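*Asks:* predicted model follows, preceded by the sequence.
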Amino acid sequence: MTEVIVNSDVCGFVHNIHGILDGGNIVIDIDSPCEKIQRMGHLEVPILETLDIKDNYVIDRAQKENCSSNCLVPCAILNVCKIEAGFLARSLVKKAGGLSIEFKDA
């Protein structure tokens, strides 16, 4: 199981995302105070539909829920999927500790 926390300081929400490999899918559960993300609260993401950004299950779902283009949750979900599918090494993400966007002179 992979678990990540997304701190969306711009919108003021903290989201907890859990994912686990189940056959050809990654089962994602999200705990979030955001209504849009709550509607995406349980996903069964086909592994092969996470490889391309254009034809992508997670991005399609985010669009259907009218998520903002700067929402960090879809990116976090995709990272969980990559870890669970073995496309992103757990040792690498553990060493990195996280991802961030820092606004300078904004």
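*Replies:* Received it, and whenever you're ready, just let me know what you need.

*Asks:* for the residue sitting nearest the centre point of the chain, helix, strand, or coil?
*Replies:* Central residue of the chain (CA atoms, centre = their mean): Ile77, 1.5 Å from the mean position. Per DSSP: H, G, I helix; E, B strand; the rest coil, the secondary structure class of Ile77 is helix.

*Asks:* could you find the closest non-adjacent residue to it?
*Replies:* Val58 (4.9 Å; CB to CB, 6 or more residues apart in numbering). Placement of C-beta: from N, CA and C, glycine included.

*Asks:* any idea which element that neighbour lies in?
*Replies:* Using DSSP states H and E, Val58 sits in helix 57-64.

*Asks:* buried residues in that helix?
*Replies:* With burial defined by 16 or more other CB atoms under 10 Å, the residues of helix 57-64 counted as buried are 57-59, 61-62.

*Asks:* which one of those residues is nearest to Ile17?
*Replies:* Comparing the buried residues of helix 57-64 against Ile17 with CB to CB places Val58 closest, at 10.9 Å.

*Asks:* give me the helices and strands touching the strand ranked longest in the chain, please.
*Replies:* Ranked by residue count and defined by DSSP state E, the top strand of the chain is strand 13-22. With contacts defined as 3 or more CB pairs under 8 Å, 6 or more residues apart in numbering; DSSP states H and E, strand 13-22 has these neighbours: strand 2-8, strand 25-31, helix 73-85.

*Asks:* of those, which is nearest Gly97?
*Replies:* strand 2-8 (11.4 Å).

*Asks:* identify the residues contacting Ala76.
*Replies:* Listed by CB atoms under 8 Å, 6 or more residues apart in numbering, the contact set of Ala76 reads 4, 6, 15, 17.

*Asks:* whoops, Phe13 was the one
*Replies:* 32-34, 37.

*Asks:* check Thr50 too.
*Replies:* Thr50 neighbours (CB under 8 Å, 6+ apart): 26, 56-58, 78, 81-82, 85.
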